[in-house]
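> this one's structure only:
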């Protein structure tokens with residue numbers, strides 16, 4: 001028999017929406033549909049099974065837009081193409097003053113919350129976010145939605161009903177970017193791969209040597225790392241860095257939305273991602289501090305982790321590494337918009353964001369036979385990091401080819417940035433129409449068969465994936481920042497321009513739909529780094 005479709009009765013609908021009169025209140029206060037706030041359940045193939053308890057308390061983060069007339073310092077092509085020493089960045093204080101949420105928008109949202117019985121938990125004008133708390137019934141009525149329970153991958157999640165759309169009052173229509181936390185589906189996957197039974201491996205610092213990293217290290221720099229699950233054990237870090245004669249980094253845990261460093265004890269699970277990120281970044285950038293932002297794997301968790309790291313005026317990361325992502329089509333439009341806005345803030349503040357491009361080739365873990373790219377790697381404000389297979393060769397060259405699972409392609413929601421238009425048209429089967437943001441920008445060793453030596457939950461492991469390339473490039477950026485005495489910030493326009501010669505072009509291999517060839521390609525981007533040469537090009 002086919003499965004029964006869930007159909008709540010009228011009493012369930014009334015309870016979920018806040019009881020009699022809720023529809024009238026919703027019509028009064030919620031008249032504008034927030035663009036791109038689509039239900040996650042159908043996107044993930046989840047099955048609706050009922051409604052949440054109407055009195056259950058939920059927190060949501062409302063993200064607001066920039067002040068009217070605000071422009072990023074890097075919207076101008078001339079500013080973006082300037083070398084770091086010629087650039088002017090905003091301090092975090094200036095970023096808050098110039099790009100923070102207008103007081104009028106916060107006041108309008110406060111009025112909306114009061115009218116709907118919602119409690120204001122936190123207001124952060126710099127991050128342009130306001131956290132609200134209320135019961136399921138209050139939130140249903142306030143935002144004009146119907147929250148539903150879904151069965152997905154053996155667990156129960158909360159999400160919008162298929163036909164629900166988030167609504168806000170007309171006076172908030174131009175200021176609300178998105179409302180996050182109504183749904184709690186896991187939105188991202190870690191892009192790491194455990195090594196198969198055969199292969200070779202490298203300590204991260206040996207990979208840095210093969211890529212000719214600057215020898216000075218990264219003293220005075222902090223590398224931020226976003227993690228959405230798992231954790232690390234301090235004893236593993238002490239053992240790991242002592243084994244290789246490296247300084248044990250100072251690691252600071254930053255809790256976001258109640259999450260924390262919570263190792264599972266499973267060396268093949270999310271702990272592997274956390275340890276890979278910390279050990280690679282710190283090993284290739286000795287002297288750098290590490291700040292790890294632990295957040296729930298939800299749209300709200302991801303957005304809040306990124307904005308927390310960018311505006312962290314205590315740890316002050318100059319580069320942030322993200323090894324989590326998913327196919328663009330699996331993200332809601334409001335989440336892509338909110339994260340992209342945050343990444344633009346990072347560029348204005350001189351913070352480089354490095355992001356893994358994915359580990360399933362041009363398919364990006366979807367089975368529809370089409371080419372896809374991963375987000376947030378497809379944001380034009382991040383450095384998208386693809387993968388290669390690295391075999392140590394005679395100096396100065398290494399034997400390096402494209403890794404066939406390196407994520408890459410052409411974005412659909414994000415337009416081609418001006419600095420990428422000079423890149424060659426990708427070669428594919430068939431070649432895609434240009435006009436979208438091309439992914440990745442750069443690459444590095446990612447094949448688990450030539451992976452990285454790490455320690456996870458007391459066990460020695462070999463791990464690869466583009467998850468390793470994001471912290472690898474973050475470490476290189478930290479070393480360059482330390483040598484220059486100034487952050488390089490948004491690196492992409494320089495790599496596609498005057499600094500492009502510092503990259504080693506990868507011309508063989510493919511990722512399914514696309515071939516690697518001379519110049520930029522959607523498999524390995526512009527190529528892998530020559531660290532000293534890149535430092536010289538940016539000086």
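Happy to help now that I have it. This one's a predicted model, so the numbers in the text were calculated from it and none came from an experiment.
> How much space separates residue 539 from residue 96?
31 Å (Cβ to Cβ, to the nearest Å). Where you see a C-beta, it was placed from the backbone N, CA and C, and this is true even at glycine.
> So which residues of the stretch 101-250 of the chain form strands?
Under the criterion DSSP state E, counting those that start in this stretch, strands of the stretch 101-250 of the chain are mapped to 119-124, 129-135, 147-152, 155-160, 167-168, 176-180, 189-190, 193-194, 200-202, 222-227.
> List the buried residues for the fourth one?
The neighbour-count check on strand 155-160 (16 or more other Cβ atoms under 10 Å) flags 157-160 as buried.
> could I get the residues you listed as JSON lines with pLDDT and distance to residue 106?
As requested, those are exported to JSON lines (pLDDT from 0 to 100; distance: Cβ to Cβ, whole Å):
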{"residue": "157", "pLDDT": "96", "distance to residue 106": "30"}
{"residue": "158", "pLDDT": "97", "distance to residue 106": "27"}
{"residue": "159", "pLDDT": "96", "distance to residue 106": "28"}
{"residue": "160", "pLDDT": "97", "distance to residue 106": "25"}
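> Can you tell me which of these is closest to residue 203?
Closest approach to residue 203 among the buried residues of strand 155-160 (Cβ to Cβ): residue 157, at 39.6 Å.
> ok, that closest one - contacts?
Neighbouring residues of residue 157 by Cβ atoms under 8 Å, 6 or more residues apart in numbering: 41, 46, 149-150, 183-185.
> ok, back up a step: hey, which of the strands of the stretch 101-250 of the chain is tucked in deepest?
Highest mean neighbour count among those (mean count of other Cβ atoms under 10 Å): strand 222-227, with a mean of 28.
> Not counting that strand itself, show me its contacts.
Residues from elsewhere that reach strand 222-227, judged by Cβ under 8 Å, 6+ apart: 270, 273-274, 277-278, 281-282, 285, 288-295, 302, 305-306, 309, 312, 315-324, 471, 474-475, 478.
> that older thread, more neighbours: which of residue 539 and residue 96?
residue 96 (19 against 11; other Cβ atoms under 10 Å).
> Leaving aside the residues adjacent along the chain, what's closest to the more buried one?
Spatial nearest neighbour of residue 96, chain neighbours left out: residue 126 (3.4 Å); criterion: Cβ to Cβ, 6 or more residues apart in numbering.
> Regarding residue 51, what are the backbone dihedral angles?
phi -120, psi 150 (degrees, to the nearest 10).
> Skipping adjacent residues, who's closest to residue 182 in space?
residue 60 is the one closest to residue 182 (Cβ to Cβ, 6+ apart), at 5.9 Å.
> Distance check, residue 273 against residue 266.
11 Å.
> Comparing these two, which shows the higher neighbour count?
More crowded of residue 273 and residue 266, by other Cβ under 10 Å: residue 273, with 27 against 12.
> Tell me who's in contact with the more buried one.
By Cβ under 8 Å, 6+ apart, the contact set of residue 273 is 190, 192, 227, 229-230, 323-324, 467.
> And the residues you listed, which is closest to residue 83?
Checking the contacts of residue 273 against residue 83 with Cβ to Cβ, the nearest one is residue 323 at 28.6 Å.
> ok, the closest one touching residue 356?
Yes: when contacts are counted by Cβ atoms under 8 Å, residue 323 is listed as touching residue 356 (4.6 Å).
> Sounds good, over and out.
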